[in-house]
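*Asks:* Provide a 3D model corresponding to the input given below.
(one chain, ligands or ions: 1)
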Amino acid sequence: MKFQILGGLFLASMAVSAFAVDPSVFTWKTGGFEVNMLVETRSAGRPSILLGVSPERLAEYFPDGTYQSEVNTFLIRGGGHTVVVDTGFGGAIFENMRQLGVRPEDVDAVLLTHMHGDHIGGLQKDGKSLFPRAKVYLAKQERDYWVDTAANAGARAALAPYGSKVETFLPGAIGGGAPEILPGIRAAAAFGHTPGHTVFLLESNGEKLLIWGDLMHVQGIQFPLPDTSVSYDTDPVAAAAARKQILDYAVRNKVPVAGMHLAYPALGMVEAAGAGYRFVPAK
Ligand SMILES: [Zn+2]
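*Replies:* You can find the predicted model right below:
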């Protein structure tokens, strides 16, 4: 089935692919960092995950009843490190890295925005670490919630092979006080989607990039109507507040943003538009 999606691309398949999709890599430079956005899966999303949107409004924003849904991960090289931000399902990420000449053992840091399955699925297989030399960094609130409070078996299994190589941090405010996790990479709080949901701010030679994890899932409606949350949000009200705070930061400071569920190239600028925002994809 063919259908038009937001970016003007055409998809021939509605199936979620376990393998690299085309186009599957977008490359960007932030000062001395080379950033590769890696598409893990691309499929037709269901707008029914949106909370509090009337059928009339859904029909207005999604006339064909669907949107381009992606799961993305990011590879960052620079500052003496090879870093992966989120690991997708553990599928196409490894093929995409191979195409870029990067082996799993080259990665020395895995940063997690949060612990949902589409972000931690590439950490381990059969109890073995898939990034054998990497340390894993995540917010303490996130680890505590999924590993201790929710006692989530998938979250425990994801971190288990890394043992003492798991490092937690306390994310700070986006505008100031966000701790530097690795040289040029800061961790800022965007709690709500999950209790420790974190966005990472890269800075090098005066240039910035904000990798915002799951601040947004359905860009066709969440840029213009940023109050709209989704059923995956642990706390939909807090998620909306974090979304607006981070969007406002990106606009005021003209910082490019990138997201795990934005459509290819999944990186671009945010502009104010009416009561909400508009996304201008990078080229
Ligand atoms: Zn996600």
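
*Asks:* where are the low-confidence patches of this structure?
*Replies:* 1-20 (pLDDT under 70).

*Asks:* who in it is up against the ion?
*Replies:* 116, 118, 214 (Cβ under 5 Å from the ion). C-beta coordinates here come from the backbone N, C-alpha and C atoms, glycine included.

*Asks:* okay, these in a markdown table with secondary structure and neighbour count next?
*Replies:* Shown next, in a markdown table, are those (DSSP: H, G, I helix; E, B strand; the rest coil; neighbours: other Cβ atoms under 10 Å):
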| residue | secondary structure | neighbour count |
| --- | --- | --- |
| 116 | coil | 22 |
| 118 | helix | 21 |
| 214 | coil | 25 |
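
*Asks:* Next, format these as JSON lines and append distance to residue 86.
*Replies:* Formatted as JSON lines, the residues of the chain next to the ion follow (distance: Cβ to Cβ, whole Å):
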{"residue": "116", "distance to residue 86": "9"}
{"residue": "118", "distance to residue 86": "8"}
{"residue": "214", "distance to residue 86": "9"}
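
*Asks:* How many neighbouring residues does residue 168 have?
*Replies:* By other Cβ atoms under 10 Å, 14 other residues sit near residue 168.

*Asks:* The host helix or strand of it pairs with which strands, and in what direction?
*Replies:* Assessed by DSSP states H and E, residue 168 sits inside strand 166-169. Take DSSP bridges as the rule and strand 166-169 pairs in its sheet with strand 135-139 (parallel).

*Asks:* residue contacts, the closest residue to the ion within the stretch 151-283 of the chain?
*Replies:* Residue nearest to the ion within the stretch 151-283 of the chain: residue 214 (4.4 Å; Cβ to the ion). Counting by Cβ atoms under 8 Å, 6 or more residues apart in numbering, residue 214 touches 113-114, 116, 119, 193-194, 197, 232, 259-261.

*Asks:* In those, find the pair that's most separated.
*Replies:* 194 and 259 (15.0 Å; Cβ to Cβ).

*Asks:* Make a PyMOL selection of the buried ones in the contacts of residue 214.
*Replies:* Entered in PyMOL, the line below selects the buried ones among the contacts of residue 214, by 16 or more other Cβ atoms under 10 Å:
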select buried, resi 113+114+116+119+193+194+197+232+259+260+261
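
*Asks:* Quick one: the contacts of residue 214 as JSON lines, columns for secondary structure too.
*Replies:* Output for the contacts of residue 214, formatted as JSON lines (DSSP: H, G, I helix; E, B strand; the rest coil):
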{"residue": "113", "secondary structure": "coil"}
{"residue": "114", "secondary structure": "coil"}
{"residue": "116", "secondary structure": "coil"}
{"residue": "119", "secondary structure": "helix"}
{"residue": "193", "secondary structure": "coil"}
{"residue": "194", "secondary structure": "coil"}
{"residue": "197", "secondary structure": "coil"}
{"residue": "232", "secondary structure": "coil"}
{"residue": "259", "secondary structure": "coil"}
{"residue": "260", "secondary structure": "coil"}
{"residue": "261", "secondary structure": "coil"}
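
*Asks:* now the contacts of residue 214 in CSV, with distance to residue 85?
*Replies:* Below are the contacts of residue 214 laid out as CSV (distance: Cβ to Cβ, whole Å):
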residue, distance to residue 85
113, 7
114, 11
116, 14
119, 9
193, 15
194, 15
197, 13
232, 19
259, 11
260, 8
261, 13
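
*Asks:* This completes my enquiry, with thanks.
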